[in-house]
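Visitor: need a structure here:
(2 chains)
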Amino acid sequence: MTTTIAIDKVGKTINRKEIIKDLSLTINEGEVLGLLGPNGAGKTTLIRMIVGLIDITEGQISVCGHDVENEHRDALGNIGAIVENPEMYPFFSGQKNLDYFARMHNGVSKEKIAELVDFVNLTDRINDKVKDYSLGMKQRLGIAQALMNDPKVLILDEPTNGLDPAGMQELRRHIRMLAKEKNVTVIVSSHLLSEIELMCDRIAIIKKGELIAVENVRDEAKQVYHFKVSEPEKAQVLLQEQFDIISQLLEDYLVVELPAELSDVSSLVKAFVNNGIAIYSVEPKNHSLEDRFLHLTAE
Amino acid sequence: MINLIINEWQKVFSRKSNIIIMVFIVGIAALMSFMPLIFQNEQANETSTYSENWESDVSQEIDTLQEETEDLLNQDDTELTFNDSMTVSLNQTEIERLSYHLEAGIEPPASNNFYSSLVSASSMNALIGIFVTIIASAMVSKEFSMGTIKLLLIRTQSRTKILTSKYITTLLLAFFYYGLLYLSTAIFALFTTDMNPTSEYVFMTMNGTYEHVQFLSYFAGLVASNLVYLVIIASLAFMLSTLTRNTSLSLGATLGAIFLGTGVTQYLASQTDLAKYLITANWSLENYLPGRTTYIDGVSLPFSAIVNVVYVAVFLGLSYYAFNKQDVL
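Guide: Reported below is the predicted structural model:
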């Protein structure tokens, strides 16, 4: 595994206020890292330091082996990014915006731009002015812009803002595809775990400028299900007797943690049905990660 | 770099204010050219052009004017009417002008002539200055207010290069507006004025006497000093836009300097000698053209040139320092 981004004991002080404190983190090639934290935790500040928009008060950041401050151009040549909001020129069409940014790079062909437009599904609206775009369309245009220089590192700040569920799913697919097929390192930030959980390999939790935890999404995923059933008490007894599972009744949900020997939830469903318990819904929950996040970021 | 300038140019030309400015400039040029036709008095029509034997024409005209003046002055009535006294003084000036032409052997041009139309268009330079201010004061700050500055700076182009492309575009635009003013003035003037019969330009000096110069060299001096003024205005607004990142503030401050500069400088000059080091005391180089005069003491063309260069260098130095140094939040 090659390290693409190395953040080493980084600190940032603005107006004597420490926004980021002694933060170290390495991110590998082809990895999707989620930067998670409540608003004002310092996610965007960290991203701004990586792309060289603001000075690094302490420590170093290197991208593909190039120091962000001393080898600014080499480092930035490997990065494509959206910082904060996907702000494009509202008076230009989407196409004109992309042409504009293409002129800032060497050798971005017309075909390459058309390909990117197709990739983010904007072909129909690309000649409309950006001021008429929805936030989701701006996000997509922003992604096309960020991929223009075939970056090794893609940084997306709050990319799920303004996306509808379909857009979210599409974004997830794009990011997984870039990471798996093109070996792009991706950093996505969000203040909502649920929105980035499914696209990330690892999640770094930041609170008040400090890195408080890095969690592996896949390992951590214990299988927890929320059952909504007609007779919860009867179901609880049934689970204990038949499967030796201690379940919890939370409001009108039955919270069930699947033991390791059960590969999926189907046997439980079957048992309920056979015993005349009606099932209204079964919802998988990555409970432990969500709990941990809430717990870690709580005041 | 060329690509960056193309980008900046495209942005300016997609702004509505730029279209309005261009229409305004052409409109002003048209107005200045057609006004004399509408308000021209009969007398001016009479003296439009001269025959080949212009010297006798001119002496004849001087005689006629003199007779008319004497008739008016020798009237039996005790008081001259307002109109009559105006005619007397206008005739006096006209007689002096024509006599100078006779003396110097230069055929007088029509009263509404091509050269004077070009020269008077330069009085619109302050207006061009205002337009340049409008564009220059938004040049950097608008990127910040739109948030697009981040997309510019996260690419491999250095901040110095980005700022340079913006400054060059600002200057090109200032020259473009100025060129548009002159191009449209010249085109309209071809139809509305009479071409001058000689390449000499005769003008009245500050103390009321007449002198003449080669028109082209005079005009070149005028254009050069106008452009210097525009470069200074553009640099000032550009610096303010970069330092404050606030379009309205830069616009207001620069317009303030344009409108109040002369008055304030004159007042300060009456109080202290140091006023001559102000940029506002030096940015109008056309004051050094023949026949014109500066309004404060102790300045000269080389002095003003040096002061201007120093100021522009400081403006740019501060802009580049701030743009390279500041955090982009």
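
Visitor: report the spatially nearest residue to the one residue in chain B that gets nearest to chain A, omitting neighbours in sequence.
Guide: In chain B, the residue that lies nearest chain A is B:G147 (3.5 Å; Cβ to the nearest Cβ). No exception for glycine: its C-beta is placed from N, CA and C like everyone else's. Counting by Cβ to Cβ, 6 or more residues apart in numbering or on different chains, B:G147 lies nearest to A:E87, which is 3.5 Å off, once chain neighbours are set aside.

Visitor: which parts of the stretch 201-329 of chain B sit against chain A?
Guide: Proximity of the stretch 201-329 of chain B to chain A (Cβ under 8 Å from any Cβ of the partner chain) is limited to residues B:327-329.

Visitor: least confident of the residues you listed?
Guide: Among those, B:L329 has the lowest pLDDT, at 77.

Visitor: follow-up on the earlier one: I'd guess the residue nearest to B:G147 is in a strand, am I close?
Guide: No. A:E87 sits outside any strand when classified using DSSP: H, G, I helix; E, B strand; the rest coil, being coil.

Visitor: test my guess that it contacts B:S145.
Guide: No. Judged on Cβ atoms under 8 Å, A:E87 makes no contact with B:S145 at a distance of 10.1 Å.

Visitor: neighbour count winner among those two?
Guide: Neighbour totals were compared for A:E87 and B:S145, and A:E87 leads with 18 against 12 (other Cβ atoms under 10 Å in any protein chain shown).

Visitor: next one: the more buried one from B:S270, what distance?
Guide: 50 Å (Cβ to Cβ, to the nearest Å).

Visitor: my guess is A:R103 contacts B:E8. True?
Guide: No. A:R103 is beyond contact range of B:E8, at 10.7 Å (criterion: Cβ under 8 Å).

Visitor: who's more crowded, those two?
Guide: B:E8 (20 against 16).

Visitor: secondary structure element holding that one?
Guide: Following DSSP states H and E, one finds B:E8 within helix B:2-13.

Visitor: state the mean pLDDT of that helix.
Guide: The pLDDT scores in helix B:2-13 average 91.

Visitor: does the very next helix or strand once past it come close to chain A?
Guide: Following helix B:2-13 in sequence order, the next helix or strand is helix B:16-39 (DSSP H and E). No. Counting by Cβ under 8 Å from any Cβ, chain A is not contacted by helix B:16-39; separation bottoms out at 8.6 Å.

Visitor: which ones are touching the residue nearest to B:F219 when sequence neighbours are not counted?
Guide: Of all residues not flanking B:F219 in the chain, B:L118 sits nearest, at 6.3 Å (Cβ to Cβ, 6+ apart). When contacts are counted by Cβ atoms under 8 Å, 6 or more residues apart in numbering or on different chains, B:L118 touches B:182, B:185-186, B:189, B:219.

Visitor: in chain B, which helix or strand is least confident?
Guide: helix B:42-46 (a mean of 50; mean pLDDT, DSSP states H and E).

Visitor: state the distance from the one residue in the stretch 1-150 of chain A that gets nearest to chain B to B:K150.
Guide: For the stretch 1-150 of chain A, the residue closest to chain B is A:E87, as judged by Cβ to the nearest Cβ, at 3.5 Å. With the distance defined as Cβ to Cβ, A:E87 ends up 7 Å from B:K150.

Visitor: got it, and B:R292?
Guide: Distance, B:R292 to B:K150, by Cβ to Cβ: 49 Å.

Visitor: of those two, which one has the most company?
Guide: Each of B:R292 and B:K150 has its neighbours counted (other Cβ under 10 Å); B:K150 has more, 22 against 14.

Visitor: what residues does the stretch 51-200 of chain A have near chain B?
Guide: Residues of the stretch 51-200 of chain A that fall close to chain B, judged by Cβ under 8 Å from any Cβ: A:51-55, A:72-73, A:76-77, A:79, A:81, A:83-85, A:87-92, A:96, A:100-101, A:103-105, A:145, A:149.

Visitor: the helix or strand of chain A with the lowest mean pLDDT: what's the following helix or strand?
Guide: Every helix and strand of chain A was ranked by mean pLDDT, DSSP H and E. The lowest is helix A:217-220, at a mean of 60. Using DSSP H and E, the helix or strand that follows helix A:217-220 in sequence is strand A:224-229.

Visitor: strand partners (parallel or antiparallel) of that following strand?
Guide: As defined by DSSP bridges, the strand partners of strand A:224-229 come to strand A:253-257 (antiparallel), strand A:279-285 (antiparallel).

Visitor: off-centre distance for the longest one?
Guide: Taking the mean of its C-alpha atoms, strand A:279-285 sits 25 Å from the chain's own mean (Cα atoms, centre = their mean, to the nearest Å).

Visitor: what comes up buried for stretch B:89-96?
Guide: Buried residues in stretch B:89-96, counted by 16 or more other Cβ atoms under 10 Å in any protein chain shown: B:91, B:94-95.

Visitor: and which of those is nearest B:V140?
Guide: For those, the closest approach to B:V140 (Cβ to Cβ) belongs to B:E94, at 52.6 Å.

Visitor: next, the contact list for residue 227, please.
Guide: Just going to use chain A. A:F227 sits next to A:235, A:253-254, A:256, A:268, A:272, A:279, A:281-282 when contact means Cβ under 8 Å, 6+ apart.

Visitor: let's do chain B instead
Guide: B:L227 neighbours (Cβ under 8 Å, 6+ apart): B:174-175, B:178.

Visitor: got it, and A:S109?
Guide: With Cβ under 8 Å, 6+ apart, A:S109 has no contacts at all.

Visitor: what's the spacing between it and A:F91?
Guide: In this view, A:S109 and A:F91 are 25 Å apart by Cβ to Cβ.

Visitor: how about the helices in chain B?
Guide: B:2-13, B:16-39, B:42-46, B:54-73, B:82-104, B:114-121, B:125-136, B:141-146, B:149-153, B:159-192, B:215-244, B:247-271, B:301-325 (DSSP state H).

Visitor: what about the first one, distance to the chain center?
Guide: Pointing back at helix B:2-13 there. Taking Cα atoms, centre = their mean, one finds helix B:2-13 lying 27 Å from the centre of the chain it belongs to.

Visitor: hmm, who's touching that helix?
Guide: Residues from elsewhere that reach helix B:2-13, judged by Cβ under 8 Å, 6+ apart: A:89, A:91-92, A:96, A:100, A:103-104, B:18, B:135, B:139, B:157, B:161-162, B:165-166, B:168-169, B:172-173.

Visitor: try the last one
Guide: In this structure, residues lying in contact with helix B:301-325 by Cβ under 8 Å, 6+ apart are B:140, B:159-160, B:162-163, B:167, B:228, B:231-232, B:235-236, B:238-239, B:242-243, B:276-277, B:279, B:281-283, B:285, B:288.

Visitor: could you list the low-confidence segments of the stretch 1-150 of chain A?
Guide: Applying pLDDT under 70 to the stretch 1-150 of chain A picks out no residues at all.

Visitor: turn the contacts of B:L118 into JSON lines, including neighbour count, distance to A:N216 and pLDDT.
Guide: What follows is the contacts of B:L118, written out as JSON lines (neighbours: other Cβ atoms under 10 Å in any protein chain shown; distance: Cβ to Cβ, whole Å; pLDDT from 0 to 100):
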{"residue": "B:Y182", "neighbour count": "21", "distance to A:N216": "70", "pLDDT": "92"}
{"residue": "B:T185", "neighbour count": "25", "distance to A:N216": "73", "pLDDT": "92"}
{"residue": "B:A186", "neighbour count": "16", "distance to A:N216": "74", "pLDDT": "91"}
{"residue": "B:A189", "neighbour count": "24", "distance to A:N216": "78", "pLDDT": "86"}
{"residue": "B:F219", "neighbour count": "18", "distance to A:N216": "77", "pLDDT": "90"}
